[in-house]
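**Student:** Fold the following and give me the result.
(one chain, ligands or ions: 2)
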Amino acid sequence: MDYSNKWPYWKDLSKRVKELANYTCEDCGKTRIRLYAHHIVPISKGGRNTLDNLKAICYTCHLKYHVHLQEREKEKTKHKNSKSKILFENYYSF
Ligand SMILES: [Zn+2]
Ligand SMILES: [Zn+2]
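**Tutor:** Residues are numbered from 1 along each chain as shown. Ligands and ions are numbered 1, 2, ... in the order given. The predicted model follows:
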């Protein structure tokens, strides 16, 4: 999957999603926490990088949508080197 064209806009887009959500998790209502812009319809299933296909949710809620990330979470606690952490953060932006 080639994100290169969309990538420059992602930062602004995810910021906007969080603004619109009032910096509140749209699933559990938590505030003052780090939020992630989540694709309601995944890119892999034809979803787009548009505001109506994104919602701001917290780390915990995000994990529920991405079961495969729960495996990564286990990996992350196993290997705490900085390189894998950066990869992990990047992965999470989607
Ligand atoms: Zn939440
Ligand atoms: Zn997501």
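**Student:** How about the residues of this structure by ligand 1?
**Tutor:** Applying Cβ under 5 Å from the ion, one finds that the chain approaches ligand 1 through 25, 27-28, 58, 61. Placement of C-beta: from N, CA and C, glycine included.
**Student:** again, 8 Å this time
**Tutor:** 25-30, 33, 57-62 (Cβ under 8 Å from the ion).
**Student:** Show me the residues you listed that map onto strands.
**Tutor:** Those of the residues of the chain next to ligand 1 mapping onto strands are 57-58, per DSSP state E.
**Student:** I would like a PyMOL command selecting only the buried ones among the residues of the chain next to ligand 1, please.
**Tutor:** Entered in PyMOL, the line below selects the buried ones among those, by 16 or more other Cβ atoms under 10 Å:
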select buried, resi 25+26+27+57+58+61+62
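**Student:** The residues of the chain next to ligand 1 into JSON lines, with extra columns for pLDDT?
**Tutor:** Shown next, in JSON lines, are the residues of the chain next to ligand 1 (pLDDT from 0 to 100):
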{"residue": "25", "pLDDT": "98"}
{"residue": "26", "pLDDT": "98"}
{"residue": "27", "pLDDT": "97"}
{"residue": "28", "pLDDT": "98"}
{"residue": "29", "pLDDT": "98"}
{"residue": "30", "pLDDT": "97"}
{"residue": "33", "pLDDT": "95"}
{"residue": "57", "pLDDT": "97"}
{"residue": "58", "pLDDT": "97"}
{"residue": "59", "pLDDT": "94"}
{"residue": "60", "pLDDT": "94"}
{"residue": "61", "pLDDT": "96"}
{"residue": "62", "pLDDT": "94"}
